Every structure is written in structure tokens, then in C-alpha cells.
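**Q** Here's my sequence, what's the structure:
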Amino acid sequence: MATSETSAFDTLLYSASDAVATITLNRPAQLNTIVPPMPDEIEAAIGLAEKDPAVKVIVLRGAGRAFSGGYDFGGGFEHWGASMNSDGRWDPGKDFAFTTARATSPNQKFMAIWRASKPVIAQVHGWCVGGASDYALCADLVIASDDAVIGTPYARMWGAYLTGMWLYRLSLAKVKWHSLTGEPLTGKEAAAVELINESVPFEQLEARDAEVAAKLASIPLSQLQAQKLIVNQAYENMGLASTQTLGVILDGLMRNTPEAHGFIDVAATEGVKAAVMRRDGPWGDYSQAPPDRQPDPSHVIEP
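**A** Numbers count the residues shown, from 1 in each chain. The predicted model follows:
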């Protein structure tokens with residue numbers, strides 16, 4: 001069995017065994033929330049798998065009790081502040097240039113998952129919300145645990161669709177509903193409306209993911225690459241790139257409305273939980289949902 005490990009990353013782990021490369025988001029104490037250099041490291045890890053002639057399939061997953069809680073917004077976007085601010089204030093010119101440029105945009109770094117010539121399977125459990133749902137849905141196949149929660153709470157405050165994958169994966173009726181309400185889906189519900197491919201009980205998730213990866217690995221690599229290329233090309237011909245350009249520009253605007261600044265001020269002064277409670281409390285979902293509508297916290301993926 002050919003196995004390699006790479007530990008040169010700060011926010012994730014990379015390993016390759018036989019024909020499968022595994023990328024594990026590895027900030028479990030922070031629910032794998034997105035901070036620099038995670039987007040760059042995902043792009044780099046995808047590159048490692050792409051360049052490895054032995055790898056046919058890439059698996060993307062999260063360590064701990066969540067795939068990812070999305071972008072870390074406790075201090076606004078302070079992690080990228082110099083790229084988006086001038087003299088301590090939001091600079092819309094900097095923001096749009098940073099978020100649309102191929103070399104700098106976190107969104108474009110996550111799109112390495114989509115652009116990879118080799119198929120990517122997202123193994124989703126726990127929370128998969130906000131920007132994390134955007135990039136999980138860039139994968140070719142998405143397999144989730146039944147109790148995973150997938151959603152875009154930023155639809156209510158502080159954001160806009162980024163990769164556009166919610167738009168292209170769902171029907172018009174469904175995407176209108178979720179884009180306007182921000183309501184989440186469980187893994188089982190997401191599979192039922194074909195946002196994702198399938199869901200399984202958490203106890204079966206890793207085995208099912210490995211089974212699908214092994215089946216794909218039995219197919220010649222060039223065949224996999226040809227099939228992925230033609231499907232991706234069809235969706236790119238539908239205007240994917242222009243949708244993403246508009247998405248990140250709108251996202252910048254929605255992060256800087258008076259209401260959005262108020263949201264971040266609450267997060268900074270009273271804590272993220274207080275801000276989230278005000279946003280989601282009236283809807284009774286995400287962290288404000290009853291236990292049976294939240295991921296089971298005992299469902300943990302060991303890195």
C-alpha cells in the first residue's frame with residue numbers, strides 16, 4: 001500500500017493512500033471555521049493530489065464534530081483586513097479586487113475543488129454552513145450524515161452566495177426559498193431535494209465514502225477526467241464565472257451595510273453567540289434549533 005503524509009499545513013491534514021488522497025480540515029476546536037491560510041492550503045493540497053500520478057480520487061472532510069462552521073466572523077473580516085480596508089475602514093475598491101482576483105480570492109482558492117481534473121468527494125458531517133457549504137458543494141459528489149446541517153445563514157445577514165453552487169444544484173423554487181429565508185437542510189433533506197448526492201447514518205458515513213472512492217478508483221483516470229470535464233464545461237457555459245463575480249461583489253456590499261456593521265459590533269462586544277441568537281432566534285434554526293434539528297455533538301471524525 002502506497003501511503004504518504006504531509007504535515008506542512010497549518011489548517012488541514014493531507015494524506016494519500018493508494019489511489020485516494022484525503023484532505024482533512026483540522027481546526028476541530030473552532031469547528032474548522034475558515035481563516036487564512038485555509039483557502040490557500042486547500043488549493044495547495046488539491047494541487048498535491050492533482051500532481052500525484054497514483055491518485056485518482058480526492059476526499060474532503062472535517063476533523064472533530066463539524067465539516068466546517070463557515071467563515072470566522074467574530075472580529076468581522078479582520079483576518080483579511082489589510083486586503084479589504086484602508087486606514088481602518090472598508091475600502092470597496094480593495095474588497096472587489098481582492099475577492100475577484102484569481103491569485104487572492106478565497107472563493108477562487110476553494111474553486112480548486114471544482115477545477116481539479118480528478119473527482120472530489122465531500123464527506124459532510126455536523127455543521128456545514130455559510131461559506132463552508134459554498135465550497136463543499138464545489139465537490140463532484142457530496143455524501144453527508146443524516147443529521148448534518150447544511151445552510152447559508154448569511155442569506156439573512158452579512159453575505160451573499162459565493163461559488164453559486166446552491167444556485168446550480170437546486171431547482172428554481174428551492175433555491176429561491178433558501179436564498180430568501182436562509183433556512184438550513186439536514187443531510188437527509190439535502191439529499192431528498194438533490195442539493196447533495198446522498199445521506200447515510202453517521203455511523204456509516206466513513207465506510208460509505210470509502211466505498212464510493214474505491215469504486216471511482218477502479219475506473220481509468222482519464223475516463224474520470226473526461227466525464228468531469230464535460231459536466232463542468234456544461235455548467236460553466238451557463239454563466240458560472242459571471243455568477244461568481246457578481247456573488248463576491250454583492251457579498252462585500254452585504255458585509256458593509258449599516259445592519260451588517262451592527263451585527264458584527266454585537267459579535268465583537270457581546271460575542272458571536274449573541275449575534276447569532278438575534279439573527280436566527282426568530283427562525284428557530286441553526287444553533288437556535290431544538291436538539292433534534294442540530295447535529296449530534298457526539299458524532300466526531302478523528303483526523
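**Q** where does this structure dip in pLDDT?
**A** Applying pLDDT under 70 to the predicted model, the residue ranges of the chain that meet it are 1-7, 74-77.
**Q** So which residue is dead centre in it?
**A** Here the mean C-alpha position of the chain is nearest to the C-alpha of residue 132 (C-alpha atoms, centre = their mean), at a distance of 2.5 Å.
**Q** which SSE is it in?
**A** With secondary structure defined by DSSP states H and E, residue 132 is part of helix 131-136.
**Q** Quick check: can you name the pairing partners of the helix or strand that comes right after that helix and their directions?
**A** Counting by DSSP H and E, the next helix or strand C-terminal to helix 131-136 is strand 141-145. Note on strand 141-145: by DSSP bridges, its sheet partners are strand 120-124 (parallel), strand 198-200 (parallel).
**Q** The stretch 201-303 of the chain: helices as residue ranges?
**A** If DSSP state H, counting those that start in this stretch is used as the criterion, the helices of the stretch 201-303 of the chain fall at 202-217, 221-236, 240-254, 258-270, 272-280.
**Q** Can you lay out these as TSV showing distance to residue 124?
**A** Just so you know, the C-beta spots here come from the backbone N, C-alpha and C atoms, and that holds for glycine as well. Compiled in TSV, the helices of the stretch 201-303 of the chain are given as follows (distance: least, C-beta to C-beta, whole Å):
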stretch	distance to residue 124
helix 202-217	8
helix 221-236	20
helix 240-254	21
helix 258-270	25
helix 272-280	20
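**Q** Can you redo those as TSV, where the extra columns are mean neighbour count and distance to residue 173?
**A** Rendered in TSV, the data for these read as follows (neighbours: other C-beta atoms under 10 Å; distance: least, C-beta to C-beta, whole Å):
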stretch	mean neighbour count	distance to residue 173
helix 202-217	16	29
helix 221-236	13	19
helix 240-254	17	18
helix 258-270	15	27
helix 272-280	17	23
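**Q** Alpha carbons of stretch 215-228, as CSV, please.
**A** Only the C-alpha atoms of stretch 215-228 are listed here, as CSV (Å, rounded to 0.1, in the frame of the first residue of the first chain):
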residue,chain,number,x,y,z
LYS,A,215,-15.5,2.3,-6.9
LEU,A,216,-14.4,5.5,-8.7
ALA,A,217,-10.7,4.5,-8.3
SER,A,218,-11.5,1.3,-10.3
ILE,A,219,-12.2,3.4,-13.4
PRO,A,220,-9.3,4.6,-15.6
LEU,A,221,-8.2,8.1,-14.5
SER,A,222,-8.5,9.6,-18.0
GLN,A,223,-12.1,8.4,-18.1
LEU,A,224,-12.9,10.1,-14.8
GLN,A,225,-11.3,13.3,-16.0
ALA,A,226,-13.1,13.3,-19.3
GLN,A,227,-16.5,12.9,-17.6
LYS,A,228,-15.8,15.6,-15.0
